[in-house]
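A.B. asks: after the sequence you'll find the predicted model.
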Amino acid sequence: MAILIIQILNALFYASVLFLIAAGLSLIFGVMRIVNMAHGSLYAVGAFVTAWLVGRAVALGLPALWLFLLIPLGAAAVALLGAVIEPLLLRPFYRRAEEYQLLVTFGLLLILEDALRFIWGGLPLSADTLMDAVPSIRLGGLIYPGYNLVVIGVGAGAAVALWAVIYRTKFGVMLRATSQDRRMASALGLNVGVVYVSAFAIGCFMAGLGGAIIVPSQAAVLGMGINALVLAFVVVVIGGLGSLQGALVGALVVSFVRTAGIQFFPEIELAVLYLIAALVLLVKPTGLFGSA
Amino acid sequence: MKADAPAVNYRSELTLAAVAAAVFVALALLPPYIGLYQTQLLTYGLIAAIAALGFNLLLGYTGLLSFGHSAFFGIGAYAVAFLLRDLKIQSMEGYLVLGLPIVALASALFGYISVRHTRIFFGILTLALSQVLYSLALKLFWVTGGTDGLRVARPSLLFGLFSFTGAGSFQRFIDTYYYYVLVIFAACVILMWVIVHSPFGKALQAIRDNETRAAFIGLRIRRFRLISFTISGTFTGLAGILWAPLNGLATPDVLYWPFSGEIVFTALLGGFRNFAGPIVGGIVFTYLKTYAVATTEYWQALLGTVLVLLVIVLPTGIVGALSLLASKFGARAKS
Amino acid sequence: MTILLQTIDLRKQFGETRACDGVNFIVHQGEFLSLIGSNGAGKTSLVNLISAHLRPDSGRILFEGKDITHATVSGRIKAGIARSFQIVNLFDGLTVFDNVALSIFSRQGKTARMASPANHDREVRDEGLEVLGQFGLRDKSGIAAGGLAQGERKLLDVAIAYALRPKLLFLDEPTSGVSTRDKAQIMDTVSQIVRAGTVTAVIVEHDMDVVFRYSDRIVMMHEGSFLADGTPEEIKANKDVANILLGVPLSA
C-alpha cells in the first residue's frame, strides 16, 4: 500500500515538472503561434544554471534554506535569456512561412545543447544539497523524500498562479486578446511587441522553473533537454496545444503512464506514450482540450 | 495562335537530360583523379543526396516539414544489419529487395499517423517518432547492440559478381561501391524528377500551396500526403540501406534527432524550393560536416548557427541563390 | 424547367446566429441565378453547406434527385458541384496553366499518375489551353499564378472551378475587388458558358448592376431565410428588397 502511494507521489512529482514545461510551451504557442523547438533546451539551461548556483552557494557556505531562493533565480535567468532571444531571433520571422520559424528554433536548439556542453562539460551537475535540506517523511514503514512534496506543491501553485494571471489580471486580458487576434489587439493600442516578449519570457520562466526544481532530485545531464522536449510534445499533443487545462491533464496522463511504464515495461515506455498520443489524435485531432 | 509556353517543351527536357548525363559522366570519371578517401566521401555525399531528395518531396513539394526522417534512414540501416545477422544475407541486392519493402511499410505506418495533422503537430509527431525508435534502439540493446551498434560486413554486389574479402578488399570495395551507389543515385534522381513533374506531383504542390482549394478541386488531401510521405520515407530509407555497408556499422546515432536535423539542414542548404537543391545540399553538407567535425567538438552549435544564418540570409539555399544570380545575369546580358 | 439542386429545410446555426433558417432553395437547370442580401444574411453559409465546406445541423440537399446531404467534398465535386471562394484561392507556386490543368486531371481521375510528366498529356493540355482561352488568360499560361494582377487572379479562380466542368457552379463574389472592365470580362465569360448550356451558375453578389444585368433569376436572403425570389424586374419592384438594401425597416 505504501509503495502504491509512493508511486502515485512519484507520478505527481514528475507531472508537476512536465506541467511547467508544457504550460510554458502552450502559453507561447497560444499567444504567439510559435512552437519553440528549443523549449526543452531552455528547461535544461534552468537545470544547469540552478545546479551551478547551488554548487557556488554551498561552496560559499550559505545555509540550506537560502538555497531555495536559487530556484526562482535559475528560472529567472532562463526568462532573461528568453527576453533576449525573442526580439533577436524570433521577431524577424513572424511574417515568414512557418517552416522558417521551426527551423530557426531548431537551430537554437542545436546551439543551446552545445553551449551547455561547452560551459559545463559532459558530466552531470547535481544539487543534492537542496534536496537533503528537506526532511524525509515516513510512509507506512518507508522513507520518502520530502522534497518531492515541495515540488508537487510548486507545480500546483504554478498552475493556480498561471491561471490567475491569465484569467484574472489585466495583463492576462492583454495576453488573451493578442492571442485571439494580433492585428486587432495592435489596432486597439496594445503594444504587441511587449506582450510577445513578456509571454515568451513567462513561457521560458516556466521551462526554467521546471529544470530548476527537478535538478535537486535528478542531476542535470546533457540530452535532458531533448528528452523533456519529446515528453512535453506528447503532453501537448494529448492535452491540446494552447490550453492550460490541456497541459495539466496531459502532464498527469503522461506522467502516470510513464511511472507505470518504468515499473512494468521500462524499455518501451516511450513507445507506449507515443502510442497513446497517436490514439488520442485519432479520436480528437487537436488534443483533448485543444482547438484548431 | 501563339506558340505557347506549356506546349510540350521537349526541347527543354532534352537539354535537361543532356546536362544530367554530362554530370553523371563527370561523376563516373572522377574516382581515379580524387583518390580513395575522396571517393569514399563522395559516396557518402551521394547517399546523403538520396536521403535529402526523398525528404524534400515532403517539404518542398508537399509542404510538410518532418523532424523525424532519421527514423527511416535508421530503419534502413538496421534492416541491413538484421538481415545479415539473423537471415545471414550477404548480398546487396538481397538488402535492397528485402529492405525497401520494410522501409516502405514503416513510412506508410508512420505516415498514416502523422499526415492527419499538419505543420506544427506534424513536426512534433515526426520528431517524437524518431525519438521513440532511438530509445528502442538504445534500450533493447540485446536486439540492437545498443550504443555499440551492429556490425555490417561488406556485402557482395551484383548477385555475387563482386565480393570483397582478403587483401586490398577495402580499396576494391570503395572503388566498386561508388559506382553501384552512383547508378542507384541516378535512378533515384530520374524517378523523383518524373514523380514531381507528373500529375501526382502537381497535385502535391497544389495541396502545398492551398489546401482548401485543393480539396475543392476534388483532391483527397490526406491520401496524397500519405503517399508522398511513404515515397519520401522510402527514398530516405534506401539511403540508409546504402549507407550501412559503407559505414560498416549500424548505430543509434542515425536514429537520433540531430541526424533528422541534418537531413532538414541539407534540404535548406541546397534550397528546398527547387529540384536540384537537396542534391547539391546533400553533397555539400557531407563535405562541410566532415571538415566541421574534424575542426571542432562543437560542430552541432556550428550547424545550428549556420542554420539560423541560412534562414536569415539565404532562405532559398545555394541553388536558389545561384539561379537568382543566373537570371539577373541573364537579364543584364539581354539589355 | 428541371430542378438541378434542391435544399429541404436546411438549417445551420452558429451559437445564437441562424445562418440558415430552414432554407428551401431550388436551382433550375441552365439558369443564371444571383444570390443577394446584406452581409451576414447567410449567402456564403448556404454555399458552404451545399459545397460541403460546412455540415448542416439538419435538413437535406438533393442534387439531380439524389440525396447528397452526407456526401464529402470530393463526392459533391464528382456529382458535379464546384465553387470558388470570396477570397481568391489559387495555387500560387504553380503556373497559370497548371492551376487549370490540375482541375482537369482531377476530373479525369489522372491525379494518381506518377509515371510520366504532366505536360506530356496532350488531351489535358489542349483542354487546359481552351479553358484559359475562354477566360482570356491563354497568353499568361506559363507564368506563376502568384504573379498575376488582381483581376486576372479572379478570372483564374473562376477558371479553375469551371475546368472541373461542373453541372452547377457556385461563384462567391466573383467580382469583388476587381475593376469595372475586369468585372465585365468575368461576368461575360460566365454568362457565355451558361448560355452555351454547359453550366448552371449561382453567384453570390453585392454589385446590383452586375446582378440585374446578367441574372435570369434573383434570390434574396435575409437573416437566414429567403425574402424574395423572382426575375430582375420582379425584384426591382419589390419594396422589401429595396428597404433591406437601403437600410430602411421592413414593411409589416
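C.D. replies: Arrived safely. Residues are numbered from 1 along each chain as shown, chains lettered A, B, ... in the order given.

A.B. asks: rest of the way, CA atoms for contacts and neighbours
C.D. replies: OK.

A.B. asks: look up phi and psi at B:Y256.
C.D. replies: Main-chain dihedrals, B:Y256, degrees, to the nearest 10: phi -70, psi 150.

A.B. asks: contact partners for C:A82?
C.D. replies: Residues counted as contacts of C:A82 (C-alpha atoms under 8 Å, 6 or more residues apart in numbering or on different chains) are B:F216, B:I217, C:S51, C:R76, C:A161, C:Y162, C:L164, C:P166, C:L168, C:L169, C:F170.

A.B. asks: out of the residues you listed, which are close to chain A?
C.D. replies: By C-alpha under 8 Å from any C-alpha of the partner chain, no member of the contacts of C:A82 lies near chain A.

A.B. asks: top of those by number of neighbours, please.
C.D. replies: Highest neighbour count within these, by other C-alpha atoms under 10 Å in any protein chain shown: B:I217, with 29 neighbours.

A.B. asks: wait, a strand at that residue?
C.D. replies: No. Per DSSP: H, G, I helix; E, B strand; the rest coil, B:I217 lies outside any strand segment and is coil.

A.B. asks: quick one, what contacts the most centrally placed residue in chain B?
C.D. replies: The centroid of chain B falls nearest to B:A51 when counting by C-alpha atoms, centre = their mean (1.1 Å). Counting by C-alpha under 8 Å, 6+ apart, B:A51 makes contact with B:F73, B:F235, B:T236, B:G237, B:L238, B:A239, B:G240, B:I263, B:G282.

A.B. asks: you'd agree it is in a helix?
C.D. replies: Yes. Counting by three-state DSSP, B:A51 falls inside a helix.

A.B. asks: can you pull the pLDDT of it?
C.D. replies: With respect to pLDDT, B:A51 has a value of 97.

A.B. asks: what's in contact with whichever strand or helix holds A:V272?
C.D. replies: Counting by DSSP states H and E, the element that carries A:V272 is helix A:269-283. For helix A:269-283, contacts defined as C-alpha under 8 Å, 6+ apart pick out A:234, A:237-238, A:254, A:257-258, A:261-262, A:287-288, B:113, B:128-129, B:132-133, B:135-136.

A.B. asks: rewinding a little: looking at the contacts of C:A82, which are in helices?
C.D. replies: C:R76, C:A161, C:Y162 (DSSP state H).

A.B. asks: now render the residues you listed as a markdown table, adding pLDDT.
C.D. replies: As requested, the ones in helices among the contacts of C:A82 are exported to a markdown table (pLDDT from 0 to 100):
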| residue | pLDDT |
| --- | --- |
| C:R76 | 91 |
| C:A161 | 92 |
| C:Y162 | 91 |
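
A.B. asks: from those residues, which are also near chain B?
C.D. replies: The subset of the ones in helices among the contacts of C:A82 within reach of chain B, by C-alpha under 8 Å from any C-alpha, is C:A161.

A.B. asks: chain B: which of the ones in helices among the contacts of C:A82 is nearest?
C.D. replies: Using C-alpha to the nearest C-alpha, C:A161 comes nearest to chain B of those, at 7.1 Å.

A.B. asks: I'd say the closest one and C:K167 touch.
C.D. replies: No. Applying C-alpha atoms under 8 Å as the test, C:A161 and C:K167 come out as separate, 11.0 Å apart.

A.B. asks: count the neighbours of residue 127 for me.
C.D. replies: I went with chain A, as the question did not name one. Neighbourhood size, A:A127 [other C-alpha under 10 Å]: 26.

A.B. asks: try chain C instead
C.D. replies: By other C-alpha under 10 Å, 15 other residues sit near C:E127.

A.B. asks: is chain B within reach of the strand or helix carrying it?
C.D. replies: Secondary structure from DSSP H and E places C:E127 in helix C:122-134. Yes. Legend: contact between helix C:122-134 and chain B by C-alpha under 8 Å from any C-alpha is shown at C:R122, C:R125.

A.B. asks: identify the residues contacting that helix?
C.D. replies: The contact list for helix C:122-134 (C-alpha under 8 Å, 6+ apart) reads B:6-8, C:97, C:100-101, C:104-105, C:119, C:138, C:141, C:156, C:159, C:163, C:189.

A.B. asks: that older thread, would you list the buried entries among the contacts of helix A:269-283?
C.D. replies: Among these, those scoring as buried are A:234, A:237-238, A:254, A:257-258, A:261, A:287-288, B:113, B:128-129, B:132-133, B:135-136 (criterion: 16 or more other C-alpha atoms under 10 Å in any protein chain shown).

A.B. asks: hmm, A:R117 is touching A:G223, no?
C.D. replies: No. Counting by C-alpha under 8 Å, A:R117 stays clear of A:G223, with 9.7 Å between them.

A.B. asks: confirm C:L35 sits in a helix?
C.D. replies: No. With three-state DSSP as the criterion, C:L35 is assigned strand and is not in a helix.

A.B. asks: bridged to it, which residues?
C.D. replies: Here C:L35 sits in beta bridges with C:V204, C:V219, as judged by DSSP bridges.

A.B. asks: please name the residues that touch it.
C.D. replies: Residues near C:L35 by C-alpha under 8 Å, 6+ apart: C:K43, C:V202, C:I203, C:V204, C:E205, C:I218, C:V219, C:M220, C:M221.

A.B. asks: returning to that earlier point: from the buried ones among the contacts of helix A:269-283, which has minimum pLDDT?
C.D. replies: Ranked by pLDDT, these bottom out at A:G287, which has 76.

A.B. asks: ranges for the strands of chain A?
C.D. replies: Listed in chain order, the strands found in chain A under DSSP state E are A:137-139, A:142-144.

A.B. asks: quick one: which of those is nearest chain B?
C.D. replies: Counting by C-alpha to the nearest C-alpha, chain B lies closest to strand A:142-144 out of the strands of chain A; the figure is 28.2 Å.
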